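Participant: I need the structure of the sequence given here:
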Amino acid sequence: MICTAANSLWLAGCLFEAARYRRALRQVRVEQERLLLDLIRANASTQFGREHGFSSIRSVRDYQHAVPPRSFDEYGIYVDRAASGSHQVLTREPIRLFEPTSGSAAATKLIPYTTGLQRQFQRAIQTWIADLYLHRPDLMRGQAYWSVSPAAVTPHHTASGIPIGFEDDSEYVGGWQKRLVQATMAAPATLRRLTDIDAFQYATVLALVRSESLRIISVWNPTFLMVLLDRLPAYGDALLHDLELTMGNRRRADVLRAALRARTGAERHAILWPKLGLISCWADANAAAAADALRRQFRHAEVQPKGLIATEGFVSLPMIGLEGSLLAVRSHFFEFAEIGRVDRAPSLAHELERGRFYEVLLSTAGGLYRYRLRDVIEVLGHVHECPVMRFVGRDGYVSDWFGEKLNEAHVGRVLAEALERAGVKASFAMLACDSTLPAYVLYIDPADAAVTDESLEVITQRVDAMLRQNFHYDHARRHGQLAGVRVFRARGAGATYLATRVRAGQRAGDVKPLALDRGNGWSERFEGLLVPQRDERIHA
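Facilitator: Residues are numbered from 1 along each chain as shown. Now for the predicted structure:
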């Protein structure tokens, strides 16, 4: 009853913004231009605004001429000044906090958050929630697990006293709606205070097992959820003790006993959470394999891709029944640089063409203007004027040990095509250099253990051939700097990759599955073995 009431109130609070978004789908150009000019006027008196002539900007083209695209490093001097306590550096609004992010592609960055940026996130979140609850009303009748990541070991404030980091993901919702979300949470936000990863995982699994009415699971990385589920059988005795003796919940303990006797994970999860209706997680690009593994573990629930959401901004949101995700046209001002066409000026949202690939540029109320997100999307089509898109990888994330200059977005497309052509599904697949060989290695955890070494070798030959379309990689191969791609069967690779990144200081929610990793030495971290090549097997 409490969950139904809280979720109904949350839905009611989302309907007005959802209606405005639906109207904006038919006038994307007008909506985007209005949003940009409001942003420029609001921040004309800031240091950044004065340096770039915001007061004289009257159009989108004026803005593009006045402000060059920038990466985060190029914003470093402005962010440092703001973090040290200087006012009105990037935004007229005060900075409420800095949200740390690193993803898998860069050192830790502190992203400035203002009330205006939070409102921009809320617009997209409210539109998504309204679509979800209107199409799937049963989801309102129970609890939800909203991702909680253990706190990273970082300072809690800047030197000037500005807070670093949200308490939990419900902070993105904000205001009175945040309290409604917290009323329905299966796992309390206080779990993030458990910095010991084993204690955090056990407490999270216990919270999930306690939930009899779990309807929604929302995580970022699907592997994060798979790791928790894999721990459940090993925690069995401790969970039964805590449920039955510590909490006095014998009925739920009996359900858990039945679940632990199940023959498969899918059966176990159906017994524990029979009313679960939706899992929201990354499911595009290199997260697709892990999302497919979740689908096999939860055959009674829908796995919905999250769309493209970054710490810096909310790019696209999913809709029930839609393949791909819709641009969050009421959240930020967007531009799109077509991949491979440096001679062209970035396109605007209403100008995108189906089938083309673009890098996303953001201008947000947090003070990032024409910010190069480095995320690449493919345009799948349109709903009215609004582009439908899919995340495909990272542009500018390059591995370059021997001059080969491999790009993550290109490698992602290569791996997807090679696996599809071979008819092989993998719960994890990642390319990384092993400089001791020296060669790139495909670290793969096949979904079907019966996949033969010969089949995997055919895949790596195909991957190598497609990578050689890259001039620099082909040059390194022809000159003997790199050998052909090898393959490593890696057991539980997704969990190992996640744990390695968390130990390196990243938040679990920030660890994005990548098709290409720039690091070295993964053969020593993954459990498994390097598959011998055909001539090595013959001579053996």
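Participant: CA atoms for contacts and neighbours, from now on please.
Facilitator: Noted.
Participant: tell me where the stretch 101-250 of the chain has strands.
Facilitator: 109-113, 144-146, 216-218 (DSSP state E, counting those that start in this stretch).
Participant: ok, which of those comes nearest Gly161?
Facilitator: Among the strands of the stretch 101-250 of the chain, strand 109-113 comes nearest to Gly161, with 13.6 Å by C-alpha to C-alpha.
Participant: returning to that earlier point: most tightly packed of the strands of the stretch 101-250 of the chain?
Facilitator: Of all these, strand 144-146 carries the top mean neighbour count, a mean of 24, counting by mean count of other C-alpha atoms under 10 Å.
Participant: break the chain down into its domains, please.
Facilitator: 2-305, 332-394, 399-539 (automatic domain parsing).
Participant: highest mean neighbour count out of those domains?
Facilitator: domain 332-394 (a mean of 21).
Participant: returning to what we had before: for the strands of the stretch 101-250 of the chain, which one sits closest to Val485?
Facilitator: When the strands of the stretch 101-250 of the chain are ranked by proximity to Val485 (C-alpha to C-alpha), strand 109-113 comes first, at 33.0 Å.
Participant: for Ala187, phi and psi?
Facilitator: Ala187 adopts backbone torsions of phi -120, psi 120, taken as degrees, to the nearest 10.
Participant: contacts for the biggest strand by length in the chain, please.
Facilitator: Looking across the chain with DSSP state E, the single longest strand is strand 371-383. Applying C-alpha atoms under 8 Å, 6 or more residues apart in numbering, the set of residues contacting strand 371-383 from outside is 25, 69-72, 312, 324, 326, 352-363, 387-397, 409.
Participant: thinking again about what came up before, possible to save the strands of the stretch 101-250 of the chain as TSV with mean pLDDT?
Facilitator: Converted to TSV, the strands of the stretch 101-250 of the chain look like this (pLDDT from 0 to 100):
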stretch	mean pLDDT
strand 109-113	89
strand 144-146	92
strand 216-218	95
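Participant: would you list those strands in a markdown table and tack on distance to Tyr497?
Facilitator: A markdown table is the format used below for the strands of the stretch 101-250 of the chain (distance: least, C-alpha to C-alpha, whole Å):
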| stretch | distance to Tyr497 |
| --- | --- |
| strand 109-113 | 21 |
| strand 144-146 | 22 |
| strand 216-218 | 20 |
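Participant: name the surrounding residues that touch the longest helix anywhere in the chain.
Facilitator: Using DSSP state H, we find that the single longest helix of the chain is helix 2-24. Applying C-alpha under 8 Å, 6+ apart, the contact partners of helix 2-24 are 31, 123, 126-131, 133, 140-143, 177, 180-181, 183-184, 329-330.
Participant: cutoff 7 Å now
Facilitator: 31, 123, 126-127, 129-130, 133, 140-143, 177, 180, 183-184, 330 (C-alpha atoms under 7 Å, 6 or more residues apart in numbering).
Participant: quick one, which of those has the minimum pLDDT?
Facilitator: Among the contacts of helix 2-24, Gln177 has the lowest pLDDT, at 70.
Participant: I'd like the distance between the closest residue to that residue other than its chain neighbours and Trp220.
Facilitator: With C-alpha to C-alpha, 6 or more residues apart in numbering as the criterion, Gln177 has its nearest non-adjacent residue at 6.1 Å, and that residue is Trp10. Per C-alpha to C-alpha, to the nearest Å, Trp10 is found 22 Å from Trp220.
Participant: can you give me the helices for the stretch 151-300 of the chain?
Facilitator: 175-183, 197-210, 222-231, 236-241, 250-260, 265-272, 288-297 (DSSP state H, counting those that start in this stretch).
Participant: can you lay out those as TSV showing distance to Tyr21?
Facilitator: Below are the helices of the stretch 151-300 of the chain laid out as TSV (distance: least, C-alpha to C-alpha, whole Å):
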stretch	distance to Tyr21
helix 175-183	19
helix 197-210	34
helix 222-231	28
helix 236-241	44
helix 250-260	42
helix 265-272	36
helix 288-297	28
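Participant: could I get the contacting residues of Ala258?
Facilitator: No contacts exist for Ala258 under C-alpha under 7 Å, 6+ apart.
Participant: that one and Glu267: what is the separation?
Facilitator: 10 Å.
Participant: ok, what's across the strand from Ile444?
Facilitator: Ala429, Arg489 (DSSP bridges).
Participant: what do you get for Phe98?
Facilitator: Pro112, Ile164.
Participant: from Gln143, how far off is Ala301?
Facilitator: Relative to Gln143, and taking C-alpha to C-alpha, Ala301 is found at 15 Å.
Participant: list the helices and strands the host helix or strand of Thr500 packs on?
Facilitator: Secondary structure from DSSP states H and E places Thr500 in helix 493-503. When contacts are defined as 3 or more C-alpha pairs under 7 Å, 6 or more residues apart in numbering; DSSP states H and E, helix 493-503 packs onto helix 222-231.
Participant: list the contacts of the helix it packs on.
Facilitator: Contacts for helix 222-231 (C-alpha under 7 Å, 6+ apart): Gln201, Val205, Cys281, Trp282, Ala290, Ala291, Gly494, Ala495.
Participant: could you dump the residues you listed into a markdown table and include distance to Glu212 and pLDDT?
Facilitator: Shown next, in a markdown table, are the contacts of helix 222-231 (distance: C-alpha to C-alpha, whole Å; pLDDT from 0 to 100):
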| residue | distance to Glu212 | pLDDT |
| --- | --- | --- |
| Gln201 | 19 | 88 |
| Val205 | 13 | 95 |
| Cys281 | 22 | 93 |
| Trp282 | 25 | 91 |
| Ala290 | 26 | 83 |
| Ala291 | 24 | 90 |
| Gly494 | 28 | 90 |
| Ala495 | 27 | 89 |
